[in-house]
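A.B. asks: Quick one: sequence and predicted model below, then my questions.
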Amino acid sequence: MKKDNLEVLLEDINSKFNLVLEGHEVLRSEIRDLSRKTYERFDLVDFKIDTLSKRIDHLDDKVETLDKKVETLDRKVEKIAADLSAHRADTEVHSGAYRVMEREE
């Protein structure tokens, strides 16, 4: 092989090697961009999950408070029902003594 042919062959190999290096650099850049975008999206998803978790905790507190209020109202309604039942029973026992009369004008 002549020296000229060898130089042409080396230049061809060198140019192909440079193309491979450029391709790798482009791929590395794209991978970095994708990685950055992925981290940004995960950060956003983490933020949203944290926000939702706080809202759920707040709702849990409200539900617990509401449950306590409902229990209190249930007890009050049961007490009123018992008082009404006792009053009705007492009124029925004294049915002749108590009457509602209309006023004459």
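C.D. replies: Okay, I see it.
A.B. asks: ranges for the helices of the chain?
C.D. replies: Secondary structure of the chain (DSSP state H): helices at 3-93.
A.B. asks: which residues of it score low on pLDDT?
C.D. replies: Along the chain, the model assigns pLDDT under 70 to residues 1, 93-105.
A.B. asks: how far away is the most centrally placed residue in it from Phe42?
C.D. replies: Central residue of the chain (Cα atoms, centre = their mean): Leu52, 3.1 Å from the mean position. Relative to Phe42, Leu52 is positioned 15 Å away (Cβ to Cβ, to the nearest Å). The way it works is simple: take the backbone N, C-alpha and C, and place the C-beta from them, glycine included.
A.B. asks: Check Leu66 too.
C.D. replies: Leu66 is 35 Å from Phe42, by Cβ to Cβ.
A.B. asks: do the same with Arg75
C.D. replies: Distance, Arg75 to Phe42, using Cβ to Cβ: 49 Å.
A.B. asks: Kindly report the same for Lys79.
C.D. replies: Distance check for Lys79 against Phe42: by Cβ to Cβ, it reads 55 Å.
A.B. asks: Also Glu78?
C.D. replies: From Glu78 to Phe42 the distance is 53 Å (Cβ to Cβ).
A.B. asks: can you check Ile56 too?
C.D. replies: Going from Ile56 to Phe42 by Cβ to Cβ gives 21 Å.
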